[in-house]
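Trainee: Give the three-dimensional model of this entry:
(one chain, ligands or ions: 1)
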Amino acid sequence: MSPDPFPLGPPPYPLGAPLARREGREKVTGTARYAAEHTPPGCAYAWPVAATVARGRITAVDAAGALALPGVCAVLTHENAPRLAVADDPTLSLLQDDRVPHRGWYVALAVADSLETARAAAEAVRVSYATEEHDVLLTAGHPGLYEAEIANGGYPGTRERGDFEGEFAAAPVTVDATYIVPPLHNHPMEPHASTAHWSDGRLTVHDSSQGATKVCEDLAALFSLDTSRVTVVSEHVGGGFGSKGTPRPQVVLAAMAARHTGRPVKLSLPRREMAAVVGHRAPTVQRVRLGAGDDGVLTALAHEIATHTSTVKEFVEQAAVPARMMYTSPNSRTVHRVVPLDVPTPSWMRAPGEAPGMYALESAVDELAVLLDVDPVELRLRNEPDTEPDSDRAFSSRHLIGCLREGAKRFGWLPRDPRPGVRREGDLLLGTGVAAATYPVYVAPSSAEAQAAADGSYRVRVNATDIGTGARTVLAQIAAAALTVPEERVHIEIGNSDLPPAMLAGGSMGTASWGWAVHKACMALRAQLRHHDGPLPAGGLTAVADTRQEAAERSPYARHAFGATFAEVQADTVSGEVRLRRLLGVYAAGRILNSRTARSQFIGGMTMGLGMALMEGSRLDPAFGDFAECDLASYHVPVCADVPQIEAHWLDEEDPHLNPMGSKGIGEIGIVGTAAAVANAFRHATGIRLRDLPLSADKVL
Ligand code: MOS
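Mentor: As a prediction, the model looks like this:
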């Protein structure tokens, strides 16, 4: 890899330029089509039936009343639904048996000529159950907790270095605190939706997904087809935040119903059912212990997680993983304990692991700073490791200190009176807080095709997904830079599983993964063009590339993005309401490829972190076993009025150990660190350390 294949400069070298997103006009004029907005001729509509018990077996399904309604085509149940091959992901084994693993699990599907009839039919289906006792409540000492072998992301569940217990006991200054993050829900604006139809043994679906390649592969496996007989289109996607990273029930149910009825079928999951069937961030009870010398340098660090999973499959929120690489400490223990409960299956939500884990770790670091009376920025500088603590590998680049310093300067961190409760405006107490952020650099194999046409235009094809990030735009920039042509001459095709297969939009690795393949294909095309004499043939010239080899190479470097988040909050001493005043983040995430769309992703993540700090949270109802908050009236996310001032900045970071673009991911790091910065600011304002998110008025008073 040459160190910098993209000399920065005026067009045609558009990398980093703040180009507006290519599909922006279609989106704001309503011409962009989402999965539920495709209506093939003869399309029928489906509405699911969710289990009303938390655990048990279906003893009978009475669909007679539903089938008697005019316009109803079918009611699918475990007794008549098409048989599926055994799924890799057991949450997709739908209507295959009588087991009810949690409340909200789908037990039937009504299909009708209209959406209204399908809904009425679903409500008319009578399901009888043999119920069993259920347990949905995670506690720190739950008797079913066991040490997980592997946590999400393939990380070892437990890591130990040195002698944590001995050094912690001997440390002159210690923090021992337990933090709680409740279940959280992704709630993308566009619900999970699919339109499916079969024709000549071929299945075509429009699906709201973060990765049509994976949906195509899984559907092919479930319906025992070759992938060449399945096309999945995910052209525009209204957010996912991880919940659309894997195929979800809607796509399997729509395909089953279409096969069963012989008609195209559309299924859009009702918002109120999403909480149970498209994943959630699992709750975590996190004990953090820090032992330090009087100078604040850590000698012992333990981060131990208790979390839940479902009885359907094991998913372990890897919240202790960032503690393995953030701060120097020769003695460390990081453990994940999990208990399978009768709950919906948790899954990815923006920065799984890092978001809740860094809330706890960065809160504990703040507690240590208060104990030592050391400025929290300064305390972090004192604990900066030379190499990645858990692996001893060199960092490919680590500019946490730069982010902290730049952020402190821009925010006006100093001078700061560290005493709580001293800044008062009437009934309001004001405070400021800081936290560090980090997110790993991942990359996954992808393939792409680049074509030069005789008219001087270019076409790049890759099954990337735009979940609202601006993927088309940045891929055009990467292609144009590689081809050294103006960006407007590059046409981008994404969002269809018939295109060259590629990584899903997740793990903050979309752009790096797709972009690498696009870059490689474009460089190959450029080489072909250089050796081509005369006009291009009618079909143009085409080059294809894949990055299986590049992506498989294990880097000798520890690769992570870093950031620092600063917050100012006000706490109302009368109402208990906590509000944000200012939020500022500075990130070091490699080269920023489009400053406009990057800024949007950073502030989007930061806003989600603000929600996690102040208002978001789902509660499992112990009696009924479902989430109490299942719509946007009860699950509160921040609105514009909650975010009066927000700024995202970044350092110009050059890292030659990443990919040809020199980029790290930016989709998730914004959420990491924000909740801790806000909670630390609340503590500074009031002197009260709340260790249980969100910081809602009921807890504050
Ligand atoms: Mo993201 S939670 O990796 O889609």
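Trainee: which residues sit in contact with residue 613?
Mentor: Contacts of residue 613 were listed using C-beta atoms under 8 Å, 6 or more residues apart in numbering, and they are 359, 674-675, 678-679, 693-695. Quick note: C-beta positions are derived from backbone N, CA and C, even for glycine.
Trainee: Could you pull out the helices in the stretch 151-300 of the chain for me?
Mentor: According to DSSP state H, counting those that start in this stretch, the stretch 151-300 of the chain carries its helices in the segments 164-170, 212-222, 249-261, 271-277.
Trainee: Equivalent analysis for the stretch 551-700 of the chain, please.
Mentor: Chain-ordered helices for the stretch 551-700 of the chain, with DSSP H, counting those that start in this stretch as the definition, fall at 595-614, 674-686, 697-700.
Trainee: Any idea which of these gets closest to the ligand?
Mentor: The closest approach between the ligand and any of the helices of the stretch 551-700 of the chain, judged by C-beta to the nearest ligand atom, belongs to helix 595-614 at 10.5 Å.
Trainee: Now that closest one: average pLDDT?
Mentor: The predicted model gives helix 595-614 an average pLDDT of 98.
Trainee: How far does it sit from its chain's centre?
Mentor: Taking C-alpha atoms, centre = their mean, to the nearest Å, the mean C-alpha location of helix 595-614 is offset from the chain mean by 12 Å.
Trainee: ok, now stretch 145-163?
Mentor: For stretch 145-163, the gap between its own C-alpha mean and the chain's C-alpha mean amounts to 21 Å (C-alpha atoms, centre = their mean).
Trainee: now the end-to-end length of that stretch.
Mentor: In stretch 145-163, first residue to last residue: 24 Å (C-alpha to C-alpha, to the nearest Å).
Trainee: same question, stretch 434-453
Mentor: With C-alpha to C-alpha as the measure, stretch 434-453 spans 52 Å from end to end.
Trainee: what about that stretch, near the ligand?
Mentor: No. With C-beta under 6 Å from any ligand atom as the threshold, stretch 434-453 lies outside contact range of the ligand, at a closest distance of 8.8 Å.
Trainee: dump the residue contacts of the residue lying closest to residue 373 once chain neighbours are set aside.
Mentor: Beyond its immediate neighbours in the sequence, the residue positioned closest to residue 373 (C-beta to C-beta, 6 or more residues apart in numbering) is residue 418, lying 6.8 Å away. By C-beta under 8 Å, 6+ apart, the contact list for residue 418 reads 370, 373, 375, 684.
Trainee: neighbouring contacts of stretch 198-206?
Mentor: For stretch 198-206, the external contacting residues (C-beta under 8 Å, 6+ apart) are 33, 35-36, 38, 194-197, 215, 219, 223, 225, 229-235, 251, 254-255, 258-259, 262.
Trainee: just stretch 392-404 next, same as before
Mentor: In this structure, residues lying in contact with stretch 392-404 by C-beta under 8 Å, 6+ apart are 377, 380-381, 384, 387-388, 434, 436, 438, 441, 555-560, 562-564, 586-588, 590, 651, 653-655, 657-658.
Trainee: and the residues you listed, which of them are in strands?
Mentor: Among the contacts of stretch 392-404, the members falling in strands (DSSP state E) are 434, 436, 438, 560, 562-564, 586-588.
Trainee: what's the most distant pair in these?
Mentor: Comparing every pair within the ones in strands among the contacts of stretch 392-404 by C-beta to C-beta identifies 434 and 560 as the most remote, at 18.7 Å.
Trainee: between these two, who's got more neighbours?
Mentor: More neighbours sit around residue 434 than around the other of residue 434 and residue 560, counting by other C-beta atoms under 10 Å; the figures are 30 against 24.
Trainee: hmm, back to that, give the buried subset of the contacts of stretch 198-206 as a PyMOL selection command.
Mentor: Per 16 or more other C-beta atoms under 10 Å, the buried members of the contacts of stretch 198-206 correspond to this PyMOL selection:
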select buried, resi 35+36+38+194+195+196+197+215+219+223+225+229+230+231+232+233+234+235+251+254+255+258+259
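Trainee: Intersect the contacts of stretch 198-206 with the contacts of the ligand.
Mentor: By C-beta under 6 Å from any ligand atom, no member of these lies near the ligand.
Trainee: In strands, which of the contacts of stretch 198-206 appear?
Mentor: The strands in this structure, assigned by DSSP E, contain 194-197, 230-233 from the contacts of stretch 198-206.
Trainee: if we take those, which one ends up nearest to residue 520?
Mentor: Of all the ones in strands among the contacts of stretch 198-206, residue 520 sits closest to residue 232, with 24.2 Å by C-beta to C-beta.
Trainee: dump the residue contacts of the closest residue to the ligand within the stretch 301-450 of the chain.
Mentor: The stretch 301-450 of the chain approaches the ligand most closely through residue 348 (3.7 Å), counting by C-beta to the nearest ligand atom. Counting by C-beta under 8 Å, 6+ apart, residue 348 makes contact with 152, 242-243, 245-246, 279, 506.
Trainee: if you set the cut-off to 7 Å instead, what comes out?
Mentor: 242, 245, 279, 506 (C-beta atoms under 7 Å, 6 or more residues apart in numbering).
Trainee: Phi first, then psi, for residue 373.
Mentor: Geometry field for residue 373 lists phi and psi as phi 60, psi 50, criterion degrees, to the nearest 10.
Trainee: Burial check on the residue in the stretch 51-200 of the chain that the ligand sits nearest to, number of neighbours?
Mentor: Closest residue of the stretch 51-200 of the chain to the ligand, C-beta to the nearest ligand atom: residue 186 (7.9 Å). Other residues near residue 186 come to 22 when the count uses other C-beta under 10 Å.
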